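**Q** just the structure for this:
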Amino acid sequence: MDIIAKLTTEFKIQRKQVENTVTLIGEGNTIPFIARYRKEVTGGLSDEVLRELSERLVYLRGLEERKAEVIRLIEEQGKLTDELKEEIEKAEVLQRVEDLYKPYKQKRQTRAGKAKERGLEPLAMIIRLQQEKQGDIYEIAKPYVNPEKEVETPEDAIQGALDIIAEIIADDADYISELRERTWEKGIISVEAVDPEEKNVYDTYYGQTEMISKIPNHRVLAINRGEKEGKLKVKVETDQQKMVAYIKSQVIKCDSIYKEALSDTAEDSYKRLIAPSIEREMRNTLTERAEDEAIKVFAKNTEKLLMVPPVKGKRIISIDPGYRTGCKVAVIDETGKLLAYTTIYPTQPKNDIAGTERILKQLIEKYGINVIVIGNGTASRETEEVVAAFLKKNSFDVVYTIVNEAGASIYSASKLATEEYPDLDVTTRGAMSLGRRLQDPLAELVKIDPKHIGVGQYQHDMNQKKLDGALSGVVEDCVNRVGVDLNTASPSLLSYVAGISLPVAKNIVKYREEKGRFKNRKELLKVEKLGPKTFEQCAGFLRISGGDEPLDQTGVHPESYPATKEMMKKAGISGDDIKGGGVKDIYERILFAYPSLKKEESLEKLAEDISIGLPTLKDILDEMKKPGRDPREDAPEVVFRSDVRSFEDLKEGMEMFGTVRNVVDFGAFVDIGVKQDGLVHISQLSNKFVKHPMDVVSVGDTVKVKILSIDNEKGKISLAMKL
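**A** Modelled structure (predicted):
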């Protein structure tokens, strides 16, 4: 297989783009580096496309390796024909290769295997291949009777031969391919209750049937979980008569003395060998498809959460709500430094409202607080009601917001948190982390395993290796898109920078602690185990403010410094311009340098004059315009509040604004300021057809919704966005 040609076709890009990208990956370059600093080479492929191409490349190379291995294994048995070799070599999916290899694969002891050991394979070949043979089937079988091999009668011989034929049918790659396709197109997933009388979260699935080809991904994951928990029985159902009829049409060649025996064998082969195998395949295929889609949704949600804009310059009271043990409070300054911590008891069983208000008042006045952050876990809404009422009765210029606390408890008890704050207890670390999530979500959330951030569906039921890989890729892309301050970043944040491993990240921090602030990017080469290749990959993503080299605070890669300085000279730009916040009229200056040319022509001429690619030049000019620009500035701002609603305040038909907290296959969960997030079902997202909720909304979006229905008993709210 020409892998390059296949990738070119699949991704609908030029062959040269694929060839260059494959070469770059083979040279050990990271995806963020390739996406940002090798645009001329890849033709401007995005990090998302590059990751998909890289994953597909791994699959296709694995496929070719498996083909070579299968050909070798069959050849060692002396059974490889030119036709079989050609079939294997032209296979485009791993499943086809395994289907073709199946007849030659070493099997555990089967009925067919035992029959072969008893010398019945020649009889099986006669029955299967010489169907026009006349006579009595039992007479033909007599020569194969051998009591020493436990073949006592002609009937025993015939049965053994038919077992061999049943396995041959089940091993035929073409038969299986056809039956698999028919099962996919016409098969049904049937769900039954283990205990029909039991009421549980899965009772809506009792007695459900759905076409295999049409069952939604989220439903696949739901019934899988129900089956795993022993609540549901799941089966794949097909029209067995039609399936068996197809096998008979392929196996029975004429009306002969073998017809009845072969007819029974076709049915036995399907029911005993083929149907169970295809059922497993169908369930695995559905699960894999559902997991892949769920992982994409999870990854997209995680990206949106990580790219929430930071709230800068605010002093924060951060509250981690609780009941019996109280609410843990941490006070942090504009840089995230801990100023104070305590515990308040506004909720059951103490309900110490007066004490809570007194402490909040003292903290606000003493530390000049601007924002109160409340975690969204246990006792969140009760705590929010107290805070909102407190703010209402006082004249403080303070607002509050709710922060997703998923994973905070895992971080606060982790080895990393212990290393960062050895003198603080677990609960204080957790409260402080919530406040820092508001100040810089990306810097704080990278300290947590991405799958614990909690913005997906059924993440704990998925292939964990695949999930971890996808989410790590998302975090890496986000970190490198934003850039990292080399002199303040934690090891956790640095470890996601292109090319930097956690040990190297720790060495960077160690160097910083021993030698002081980095003065320029070149100094990175003095860090232990950070060599030229790592420097090449990471340097452009690391920022240094107030250093020796003004360009170090931008996203310009050091390899482009000579060309950039030549461009600066032509455009009359100094280092002080960059330090002073950038050159807003950079494009006008370029036009001034080339007065006879139009904008695009002047850029092309400039790129040619300084020997640099046009895409790279445009990136450099954008950096000159706004050095170290944070792409998170384009995202919706955090929603702050000063009041609160209760469940009882809600009425059907009310319209209000809310924040999207999670997006799943079947809709979006929106925080409208009450205890329970409301669900906007996919059918209520838009007046137009919506293929996936993510086409309409993203985590963090502020949306206007209308209340459709309220279920007080179950605490459920149905919302609509198609107003």
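
**Q** show me the shaky parts of the stretch 601-723 of the chain.
**A** Applying pLDDT under 70 to the stretch 601-723 of the chain flags residues 644-645.

**Q** quick one, helices of it?
**A** Counting by DSSP state H, counting those that start in this stretch, the stretch 601-723 of the chain has helices at residues 614-625.

**Q** same thing with the stretch 351-500 of the chain?
**A** Counting by DSSP H, counting those that start in this stretch, the stretch 351-500 of the chain has helices at residues 353-367, 380-393, 408-412, 415-420, 426-439, 441-445, 464-482, 491-494.

**Q** got a markdown table for those, with distance to residue 574 and mean pLDDT too?
**A** (Glycine included, C-beta is placed from N, CA and C.) Rendered in a markdown table, the data for the helices of the stretch 351-500 of the chain read as follows (distance: least, CB to CB, whole Å; pLDDT from 0 to 100):
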| stretch | distance to residue 574 | mean pLDDT |
| --- | --- | --- |
| helix 353-367 | 40 | 97 |
| helix 380-393 | 48 | 91 |
| helix 408-412 | 44 | 87 |
| helix 415-420 | 40 | 89 |
| helix 426-439 | 33 | 93 |
| helix 441-445 | 31 | 92 |
| helix 464-482 | 27 | 91 |
| helix 491-494 | 31 | 95 |
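
**Q** out of those helices, which comes closest to residue 290?
**A** helix 464-482 (12.2 Å; CB to CB).

**Q** which strands or helices does that closest one pack on?
**A** Other elements packing on helix 464-482 under the criterion 3 or more CB pairs under 8 Å, 6 or more residues apart in numbering; DSSP states H and E are helix 31-37, helix 47-76, helix 275-306, helix 441-445.

**Q** include mean neighbour count when you put the ones you listed into JSON lines, please.
**A** Formatted as JSON lines, those follow (neighbours: other CB atoms under 10 Å):
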{"stretch": "helix 31-37", "mean neighbour count": "23"}
{"stretch": "helix 47-76", "mean neighbour count": "16"}
{"stretch": "helix 275-306", "mean neighbour count": "19"}
{"stretch": "helix 441-445", "mean neighbour count": "24"}
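
**Q** distance to residue 111 added to these, as JSON lines?
**A** Listed next are the helices and strands packed on helix 464-482 as JSON lines, based on distance: least, CB to CB, whole Å:
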{"stretch": "helix 31-37", "distance to residue 111": "51"}
{"stretch": "helix 47-76", "distance to residue 111": "23"}
{"stretch": "helix 275-306", "distance to residue 111": "15"}
{"stretch": "helix 441-445", "distance to residue 111": "56"}
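
**Q** contact partners of the helix or strand where residue 514 lies?
**A** Residue 514 belongs to helix 502-515 when assigned by DSSP states H and E. Helix 502-515 is contacted from outside by 486-487, 490-492, 494-495, 497, 500, 518, 524, 526-530, 534, using CB atoms under 8 Å, 6 or more residues apart in numbering.

**Q** pretty sure residue 630 is touching residue 482, no?
**A** Yes - taking CB atoms under 8 Å as the contact criterion, residue 630 and residue 482 are neighbours in contact, 6.0 Å apart.

**Q** any idea which element the nearest residue to residue 458 once chain neighbours are set aside lies in?
**A** Distances taken as CB to CB, 6 or more residues apart in numbering put residue 221 closest to residue 458, at 4.2 Å, once the chain neighbours are dropped. Element membership for residue 221 (DSSP H and E) is helix 217-228.

**Q** just the angle for that helix relative to helix 275-306, thanks.
**A** Angle of helix 217-228 versus helix 275-306, following axes from the mean of the first three to the mean of the last three CA atoms, to 10 degrees, is 120 degrees.
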